[in-house]
Each structure stands twice: as structure tokens, then as C-alpha cells.
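Student: Below is the structure, and that's it, no one-letter string:
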């Protein structure tokens with residue numbers, strides 16, 4: 001029973017952490033927007049403040065990266081000044097995976113590339129770096145969710161597993177049904193990678209999961225989908 005897996009194993013803690021991290025950027029965005037509005041209002045242009053707020057909201061809803069940086073980037077862009085994130089996103093892609101991430105989640109890519117601990121984590125070089133700070137953890141989440149989700153085929157390859165076969169290994173309940181209906185691609189991708197399915201999902205081991213960049217990314221994509229679409233059924 002997958003609900004019991006979530007409730008009784010260390011997997012529950014990691015999924016809960018992923019869910020908490022996905023909520024942190026929203027809170028940060030609201031604070032940053034208020035600061036942007038206040039700064040703009042001080043300059044005497046209420047209309048510009050409203051437009052900056054809308055721009056900040058738009059950026060926040062297209063990325064799960066740490067949002068105080070994208071918000072600052074949008075504010076700087078509104079004043080005509082270049083931002084570090086914007087410049088990083090304008091760089092050339094070095095391979096098919098980077099090209100996909102440039103298109104699908106450029107801010108998440110740039111934010112992680114600008115954080116050495118995030119880079120070490122997503123490369124599988126230092127598992128302890130993944131949660132070294134809340135900010136790094138949020139950047140890791142955003143990067144891996146994109147790599148293992150929107151850019152799975154470009155970065156990892158097409159799903160090698162079967163959603164139906166994966167779900168058949170689990171006790172059939174509301175959680176399994178929801179995952180099949182809402183996260184079938186993510187389930188199939190994880191099932192096709194031994195580290196994701198065993199090392200990260202069914203028998204969780206941080207060292208094993210963090211040590212394989214592809215399995216780790218596929219697991220984050222599945223966790224993000226489960227958190228967003230099957231929270232009531234699976235948590």
C-alpha cells in the first residue's frame with residue numbers, strides 16, 4: 001500500500017520535504033513582491049508598482065526555483081538593467097539537456113548553476129550538499145523536477161519502464177489509482193530506473209538516491225507530481 005510507504009518509511013520525510021520546499025518559494029515571492037511594490041511606490045509611481053507585481057507573479061508561476069532571485073531579476077528588468085539570472089539564461093546551451101532546460105526552466109537552471117552546492121548535489125558528487133541550506137535545497141528541487149519531468153527525454157531518455165507494471169507492484173488503493181491517473185509518465189520513468197524505483201522510492205536510501213543524478217531527478221519529478229496531484233490520497 002503506497003500510502004503506508006509514504007507514512008511509515010523515510011520516503012515520507014523526503015516527500016514531505018519536497019512538498020515543503022515547493023511551498024517556500026510562494027511565501028518568499030509574496031514577501032519579495034511587497035518589497036518591490038513598496039520600493040516602487042516610494043518612487044512615486046503606483047502604476048509601475050502594479051505592473052512590477054504582475055511581472056513578478058508571472059515569473060514565479062513559471063518556475064519553482066528560489067523565487068527571491070527571479071523576483072529581483074524581474075524588478076531589475078523593469079528598470080532596464082540586466083540581471084544575473086537573465087544573463088545566465090541568455091547563454092548558449094551546451095547540449096540537448098541544457099537546451100531543453102533553457103527553454104523549460106531557465107531560471108531554475110541558472111539558479112542552480114550559480115550555487116556550487118546545488119551543482120555538486122545534482123551532479124551526484126556530494127549528497128550532503130543537497131540540503132546544506134534551505135536555499136540550496138529549493139534550487140535542487142526546482143532543477144531536478146525540471147530535469148526529470150519536462151526535460152526527461154532530452155536529459156535522461158524516454159521512459160524505459162511501464163506505468164502499468166510499476167503500479168501492479170503496489171497495493172491497489174486510492175493512492176495507486178491517483179498516481180496512475182495523474183502521474184503515469186512520472187511513475188513509468190521512475191520504474192525504468194533501478195535507483196529511482198528502489199533506491200529513492202520503495203526502499204529509500206539517501207546515499208544511493210543522491211548518488212545517481214538521473215534516478216534522483218526522476219524521483220523528484222514523481223515526488224512533485226504526487227505532492228501536487230495526489231496529496232490527499234498518498235500523504
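Tutor: Cool, the structure landed. These numbers were taken from a predicted model, which means no experiment stands behind them.

Student: Please make it C-alpha for all contacts and neighbour counts, starting now.
Tutor: Fine.

Student: any low-confidence regions in the protein?
Tutor: For the chain, applying pLDDT under 70 flags the ranges 1-88, 90-91.

Student: What's the local residue count around residue 96?
Tutor: 13 (other Cα atoms under 10 Å).

Student: thinking it is in contact with residue 156, fair?
Tutor: No - using Cα atoms under 8 Å as the test, residue 96 is too far from residue 156 to be in contact (10.3 Å).

Student: Show me the common contact partners of these two, please.
Tutor: Common contacts of residue 96 and residue 156 (Cα atoms under 8 Å, 6 or more residues apart in numbering): none found.

Student: And the strands in this structure?
Tutor: For the chain, no strands are identified by DSSP state E.

Student: What are the buried residues along stretch 152-172?
Tutor: 152, 153, 154, 155, 156, 159, 161, 162, 163, 166, 167 (16 or more other Cα atoms under 10 Å).

Student: That should have said stretch 133-148, apologies.
Tutor: Under 16+ other Cα under 10 Å, the buried positions of stretch 133-148 are 135-148.

Student: nearest to residue 175, of the buried residues of stretch 152-172?
Tutor: residue 167 (10.1 Å; Cα to Cα).

Student: Contact partners for the closest one?
Tutor: 176, 180, 187.

Student: what about it, distance to residue 176?
Tutor: From residue 167 over to residue 176 the distance is 7 Å, taken as Cα to Cα, to the nearest Å.

Student: just residue 192 next, same as before
Tutor: 17 Å.

Student: Could you do residue 162 as well?
Tutor: 14 Å.

Student: swap in residue 185?
Tutor: Applying Cα to Cα to residue 185 and residue 176 gives a distance of 13 Å.

Student: what's the answer for residue 229, then?
Tutor: 12 Å.

Student: Those two: which has the busier surroundings?
Tutor: Taking neighbours as other Cα under 10 Å, residue 229 and residue 176 compare with residue 176 leading, 22 against 16.

Student: isn't the more buried one right up against residue 170?
Tutor: Yes - between residue 176 and residue 170 there is a contact at 7.2 Å, judged by Cα under 8 Å.

Student: burial count for the closest residue in space to residue 205 that isn't next to it in sequence?
Tutor: Once flanking residues are discounted, residue 205 sits nearest to residue 199: 5.4 Å by Cα to Cα, 6 or more residues apart in numbering. Using other Cα under 10 Å, residue 199 is surrounded by 22 other residues.

Student: Near residue 125, how many other residues are there?
Tutor: 15.

Student: and the spatially closest residue to residue 211 that is not a sequence neighbour, what does it touch?
Tutor: Spatially, and ignoring its direct neighbours in sequence, residue 211 is nearest to residue 124 (4.5 Å; Cα to Cα, 6+ apart). Residues near residue 124 by Cα under 8 Å, 6+ apart: 210, 211, 212, 213.
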